[in-house]
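>>> Prediction below, plus the sequence it came from.
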Amino acid sequence: DISSSGMWEKDGSVLVYGAFESQDTVFADVAPLLTSLLDGYNVCIMAYGQTGSGKTYTMLGPQLEESFAFALEDESELGIIPRATQEVFRLISEKPPGSYWVEVSVVEVYNNEIFDLLAKDSCGKVFGVKRDVVTTREGKSNVPLLTYETVENASEFLHLVIKGLQLRVRHPTLVHAHSSRSHLVVTLTITTVVSGDEFSCTYPQKTRENRSTSSSRASSPAQLEATEKPKQVRTRLQLVDLAGSECVGMSGVTGAALRETSFINRSLSALADVLGAIAEQRSHIPYRNSKLTHLLQDSVGGDAKLLVMLCISPDQKYLTESLQSLGFGTRARQVQRGQIKKKNLPVQSKAK
Ligand SMILES: Nc1ncnc2c1ncn2[C@@H]1O[C@H](COP(=O)(O)OP(=O)(O)OP(=O)(O)O)[C@@H](O)[C@H]1O
């Protein structure tokens, strides 16, 4: 029974929320992951579910009719992405000033192509630019030339995300009038620079190699002494609003929208296949079967703490879709990952 309000805890790690549960309650259970992030763990939070089941509401908040932006006026309605950012900056404010450096990238995966939603043209106007995803020599996934913008507070972050969201593709379907037709991946990268024998922190002197644009503040505040050999430690928070899994018969799409649906369903089944392969500890994990899984490789199979939010419609007519979503959740639960790696940060940490 998920139609009534309430929450149950099973095995200490599956939480179920009723349809009337507040965003506050949901976020209270997510917040500890952000403490882990600042303690040096990579974290990934993704929403999965059929079209119209509440993924965007859960991750961002209620969408505005006229655009892909979300309503910021009523704070109680804000979803995980704005709340997580506020919490990250609140936690950073408790650290020594200048010890953390936050950058954001916003990417959508549409029809199996990656688009950089923060890339700018020469006039500074934002527009989506196609990017590729590659595997580095260390076996990590990387998006060359991806735009990373430096942000100093949650409102700067939200401003960028809202700008990026204007470009996100959406079309009406019979199930949902404002259906997202792409996977949205918002990444916060937190850099700490550790120098000398003692842990002392300052801003990075250089921007990253694969960065095409960066804020003018990238070379600002404290500069490192030339003789010091600073070590940059990065942790990453990936926030993912997946496109809706859908049954073509139910959503009634045709033409280009049908093609989009086919790409969405293929990439979601590639994600389920990856989770299945990890769960079965197969020697080959098919990350490269889709751009989505290649992009999320390090969060899904790597060293991140992964939280999957399953959104389920309370309507009985979507029972097949709901069971399919629960099947995805079961796969995610079966993934037995190795010990999660924690980056060596200059903070007192409480390992989970
Ligand atoms: N818990 C909730 N409380 C109030 N409104 C909700 C809730 N969940 C979803 N909604 C509303 O239901 C509608 C569909 O939700 P949403 O856009 O989040 O679906 P979605 O799963 O992201 O769909 P799609 O995959 O098609 O983009 C929206 O108008 C949203 O504001």
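Structure received.

>>> Would you check that Ala332 makes contact with Leu275?
Yes - using Cβ atoms under 8 Å, Ala332 is in contact with Leu275, at 5.5 Å. Just so you know, the C-beta spots here come from the backbone N, C-alpha and C atoms, and that holds for glycine as well.

>>> Quick check on the two: which one has the bigger neighbour count.
Leu275 (24 against 21; other Cβ atoms under 10 Å).

>>> sec struct for the more buried one, please.
With DSSP: H, G, I helix; E, B strand; the rest coil as the basis, Leu275 sits in helix.

>>> how near is it to the ligand?
According to Cβ to the nearest ligand atom, to the nearest Å, Leu275 and the ligand sit 19 Å apart.

>>> Check Ser53 too.
With Cβ to the nearest ligand atom as the criterion, Ser53 and the ligand are 4 Å apart.

>>> low-confidence ranges in this protein?
For the chain, the stretches flagged by pLDDT under 70 are 1-13, 63-73, 124-126, 168-179, 194-230, 246-255, 257, 336-352.

>>> quick one: Val109 from Met309, how far?
The gap separating Val109 from Met309 is 18 Å, by Cβ to Cβ, to the nearest Å.

>>> scratch that, Val300
From Val300 to Met309 the distance is 15 Å (Cβ to Cβ).

>>> higher neighbour count, the two?
Val300 (26 against 23).

>>> Once you drop chain neighbours, what's closest to that one?
Using Cβ to Cβ, 6 or more residues apart in numbering and skipping the chain neighbours, the partner closest in space to Val300 is Val274 (6.0 Å).

>>> mind listing what that neighbour touches?
Ile285, Pro286, Tyr287, Asn289, Thr293, Val300, Gly301 (Cβ atoms under 8 Å, 6 or more residues apart in numbering).

>>> which ones are touching the fourth one?
Asn289 makes contact with Ala270, Asp273, Val274, according to Cβ under 8 Å, 6+ apart.

>>> And Ala243, how close does it get to the ligand?
Distance from Ala243 to the ligand, by Cβ to the nearest ligand atom: 6 Å.

>>> what's the burial count for that residue?
Ala243, neighbours per other Cβ under 10 Å, totals 29.

>>> what about it, which helix or strand?
Using DSSP states H and E, Ala243 falls within no helix or strand.

>>> how about the residues of the stretch 1-150 of the chain that lie near the ligand?
Residues of the stretch 1-150 of the chain lying close to the ligand (Cβ under 6 Å from any ligand atom) are Gly49, Thr51, Gly52, Ser53, Gly54, Lys55, Thr56, Tyr57, Pro62, Gln63.

>>> Validate this expectation: the fourth one resides in a strand.
No - inclusion of Ser53 in a strand is not indicated when three-state DSSP is applied; the result is coil.

>>> From Gln316, how far out is the spatially closest residue to Tyr318 that is not a sequence neighbour?
Nearest residue to Tyr318 in three dimensions, chain neighbours excluded: Gln50, at 6.2 Å (Cβ to Cβ, 6+ apart). Going from Gln50 to Gln316 by Cβ to Cβ gives 13 Å.

>>> now swap in Thr191 and tell me
Look at Thr191 and Gln316: by Cβ to Cβ, they are 48 Å apart.

>>> Please say which of the two ends up with more neighbours.
Thr191 (18 against 8).

>>> Can you name the residues that contact that one?
Tyr100, Trp101, Val102, Glu103, Pro204, Gln232, Val233, Arg234.

>>> Okay, and it sits in which element?
strand 183-195.

>>> what about that strand and the ligand, touching?
No - against the ligand, strand 183-195 shows no contacts by Cβ under 6 Å from any ligand atom, the least distance being 9.6 Å.

>>> Going by secondary structure, Ser99 is in what exactly?
Going by DSSP H and E, Ser99 is not in any helix or strand.

>>> tell me, how many neighbours does the closest residue to the ligand within the stretch 151-300 of the chain end up with?
Here the residue of the stretch 151-300 of the chain nearest the ligand is Gly244; by Cβ to the nearest ligand atom that distance is 2.7 Å. Around Gly244 there are 29 other residues, counting by other Cβ under 10 Å.

>>> Quick check, central residue of this protein?
By Cα atoms, centre = their mean, the chain has its centre lying nearest to Leu239, at 1.6 Å.

>>> quick one: contacts for whatever residue of the stretch 251-352 of the chain ends up closest to the ligand?
Closest to the ligand within the stretch 251-352 of the chain is Cys311: 5.5 Å, counting by Cβ to the nearest ligand atom. Going by Cβ under 8 Å, 6+ apart, Cys311 touches Ala47, Tyr48, Gly49, Gln50, Ser53, Gly54, Lys55, Thr58, Ser325.

>>> Equivalent analysis for Ile45, please.
Val30, Leu33, Met59, Ile80, Ala84, Leu237, Gln238, Leu239, Val240, Leu306, Leu307, Met309.

>>> Kindly list the main-chain dihedrals of it?
phi -120, psi 120 (degrees, to the nearest 10).

>>> Tell me the spacing between it and Ile114.
Ile45 is 20 Å from Ile114, by Cβ to Cβ.

>>> same check, this time on Glu156
24 Å.

>>> Cool, thanks, signing off.
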